[in-house]
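Visitor: need the 3D shape of this:
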Amino acid sequence: MKKLAVLGGTPVRTKPFPSWPIYGEAEERLLLEVLHSGKWGGTGRIKLEALETEFAKLQDAQYAITTANGTIAITLALKAAGVQPGDEVILPPYTFIASATSVLLFGAIPVFVDVEADTLLLNPERIEAAITSRTKAIMAVHIAGCPADMDRINTIAAKHGLAVIEDSAQAVGAKWNGVGVGALGTAGTFSFQSSKNINSGEGGMIVTNDRDVADMAWSITNVGRVRAGAWYQHEHIGWNFRMTEFQAAVLLGQMTRLQEQIQLRERNGLLLENLLGQIDGIATMRRDPRVTVHARHLFMFRVTTDVASSVGKEEIIRRLQAEGIPVAAGYVPLHRNAAVLSEIRKLTGAEPSYECPVCEQACANEVLWLHQNVLLAEEDDMRDIAMAVNKVMANLS
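Guide: Below is the predicted model of the structure:
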């Protein structure tokens, strides 16, 4: 049995994984085109229109609206779908804080519903119990790039007359039953922040197949103007949440290699799932057969409960990192976040309380992450990861 690196043994690997972002001639050329055009802001429409057209096509949507970032994209999508201050929005607690703060930004109330243990996606079977007369929307978060059960979520939403917003920040290119995420509900939102699978430093997108929702989202993003209206024709209350032409140029360049990267992440992800699935004490995430494309922004896997309780998640992370594997602990339970709970308390005058034990167990003891750049490595690198995990699991004492 090989000695662990934390105890002075030789690490499984010292070779770095691919760095991120990846960029090249395409981004440079497109940026220079914008620079020389002199039209740099969000009203120039030099690259923005092309980006919106290409992105809508990628996600099987009729309409796409660029925004300043992914957080504000959620807020605008909710408002465009008719959610008002005081309305409730159901969402999972295993997600980035922006999923909740985008709701709170205009005085709507996040209501947390637990996730499935083997996917960490919103559990459809727990949604209806959380619906009240104030509920106006369900937010499905496609965590790690894996689509949530949109069939079941849409069925529940239709039954209760609710909007469905897809937080697809991590799911560029993902598909459910062959249809791009974002185009499955009322509207979908995406993030192009630096860590995302295509990025422009910051940036966001709203997609939808609903013309009225698209027009309202566009108007709110463009200081209340209307499409094809006069420059000073402000028919709604809106703000300037536009993306710049420089961001659009970078994203068009990023999209030229997106499909190749999706295929590479998928090959490596499937291989890693197979390798890790053979190791005692490790479980991989369940993938619904209706997930026809997984964006794999994160590779998540679980340490089984008995192992986690005996050794501790943080210790396993320390040992894996010493072996050269950049694992991360992942999210903390959003329904326990003090700032979020304080804001809900201010808005409602009541003490918020949510029962999400599956999320709490996953965060505290079980779930580990590898970021998307790791899946852009080679097959041998995936075998290194599995070798390191096996080494650590075989030396738990």
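Visitor: buried sites along stretch 72-83?
Guide: Using 16 or more other Cβ atoms under 10 Å as the test for burial, stretch 72-83 gives 72, 73, 74, 75, 76, 77, 78, 79, 80, 81, 83. C-beta: built from backbone N, CA, C; applies to glycine.
Visitor: helices along the protein, start to end?
Guide: 25-37, 48-58, 70-80, 98-104, 150-160, 211-221, 245-255, 258-276, 305-311, 313-322, 338-348, 357-361, 379-393 (DSSP state H).
Visitor: residues contacting residue 101?
Guide: By Cβ atoms under 8 Å, 6 or more residues apart in numbering, the contact list for residue 101 reads 71, 340.
Visitor: same deal with the one 10 residues further on?
Guide: If a contact means Cβ under 8 Å, 6+ apart, then residue 111 has 88, 89, 90, 91, 130, 135, 354 as its contacts.
Visitor: residue 366 now?
Guide: Contacts of residue 366 (Cβ under 8 Å, 6+ apart): 302, 303, 304, 305, 308, 313.
Visitor: what about residue 51, how many residues nearby?
Guide: 25 (other Cβ atoms under 10 Å).
Visitor: how far away is the nearest residue to it once chain neighbours are set aside from residue 166?
Guide: The shortest distance from residue 51 to any non-neighbouring residue, by Cβ to Cβ, 6 or more residues apart in numbering, is to residue 248 (4.4 Å). Look at residue 248 and residue 166: by Cβ to Cβ, to the nearest Å, they are 22 Å apart.
Visitor: of the two, who's got more company?
Guide: Per other Cβ under 10 Å, whichever of residue 248 and residue 166 has more neighbours is residue 166, with 33 against 27.
Visitor: closest one to residue 280 out of the buried residues of stretch 72-83, please.
Guide: Distances from residue 280 to the buried residues of stretch 72-83, taken as Cβ to Cβ, are shortest for residue 74 (40.1 Å).
Visitor: check what pLDDT the residue nearest to that closest one when sequence neighbours are not counted gets.
Guide: Counting by Cβ to Cβ, 6+ apart, residue 74 lies nearest to residue 102, which is 3.7 Å off, once chain neighbours are set aside. According to the prediction, residue 102 has pLDDT 98.
Visitor: state the number of residues packed around residue 102.
Guide: Quick note: residue 102 (other Cβ under 10 Å) scores 28 neighbours.
Visitor: in contact with it, which residues?
Guide: 71, 72, 74, 75, 78.
Visitor: how about 7 Å then?
Guide: The contact partners of residue 102, by Cβ atoms under 7 Å, 6 or more residues apart in numbering, come to 71, 74, 75.
Visitor: could you dump the residues you listed into JSON lines with pLDDT and distance to residue 186 added?
Guide: What follows is those, written out as JSON lines (pLDDT from 0 to 100; distance: Cβ to Cβ, whole Å):
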{"residue": "71", "pLDDT": "98", "distance to residue 186": "18"}
{"residue": "74", "pLDDT": "98", "distance to residue 186": "12"}
{"residue": "75", "pLDDT": "98", "distance to residue 186": "14"}
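Visitor: which of the residues you listed lies closest to residue 180?
Guide: residue 74 (17.5 Å).
Visitor: my guess is that closest one contacts residue 167, does it?
Guide: Yes - using Cβ atoms under 7 Å, residue 74 is in contact with residue 167, at 6.0 Å.
Visitor: which residues do these two both contact?
Guide: Contacts common to residue 74 and residue 167, judged by Cβ under 7 Å, 6+ apart, are 99, 189.
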